[in-house]
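Chemist: Here is the input, now give the coordinates:
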Amino acid sequence: MSRLMYTFGRILVPLIFIVSGWTKLLDIKSVVSALEGKNLPVPIEIETYINMPRFEALAYLIAVVELVGGIMILIGWKARFAALLLFVFTGLTVFYFHDFWTMDGAARAQNQIEALKNLSIMGALLMIVGMGSGAIALDQPKAPPIEA
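Modeler: Residues are numbered from 1 along each chain as shown. The predicted structure follows:
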């Protein structure tokens, strides 16, 4: 029963990342606008090397990390790596986008709730980092062949 429960939990955790990543890919301009409004330490010189505006590149990177990382956890393939990557990503999201400690009033209250939700998600991601994909997963080792 615990294998089944862990697998079910592992499937539920990444859904928010998959939906969010896909939504971002469908409306990348909104993501770019949100990124431009923050004080993110992305050097402008990087544009020379990537041939696109830095915040557009960052928006695509964010969307792909969420979508691919979420799918990796969902199917149980390299789940520890994906969970660790999404753990760091979620921590950065709290720090740069839900920085309630710099806000007042309703914005502070709303962003504190968002930050706490993200911290809870980070806890679930750490469990996946610790436990891996679990028993029911794509990257489970195959049983040795039965000898005759």
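Chemist: okay, CA-based contacts and neighbour counts for the rest of this
Modeler: Noted.
Chemist: For Glu114, which residues are in contact?
Modeler: If you count contacts by C-alpha atoms under 8 Å, 6 or more residues apart in numbering, Glu114 has them with Val94, His98.
Chemist: repeat that for 7 Å
Modeler: His98 (C-alpha atoms under 7 Å, 6 or more residues apart in numbering).
Chemist: For Ile16, see how far away the most centrally placed residue in the chain is.
Modeler: Taking C-alpha atoms, centre = their mean, the centroid of the chain lies closest to Leu86, which sits 3.5 Å from it. Taking C-alpha to C-alpha, to the nearest Å as the measure, Leu86 and Ile16 are separated by 11 Å.
Chemist: picking up where we left off before, confidence score at the residue nearest to the centre of the chain?
Modeler: Leu86 is assigned 98 on the pLDDT scale.
Chemist: what's the answer for Ile146, then?
Modeler: 68.
Chemist: if we can go back for a sec, distance of the residue nearest to the centre of the chain from Asp104?
Modeler: In this view, Leu86 and Asp104 are 28 Å apart by C-alpha to C-alpha.
Chemist: repeat for Pro43
Modeler: Counting by C-alpha to C-alpha, the gap from Pro43 to Asp104 is 30 Å.
Chemist: All set, thanks.
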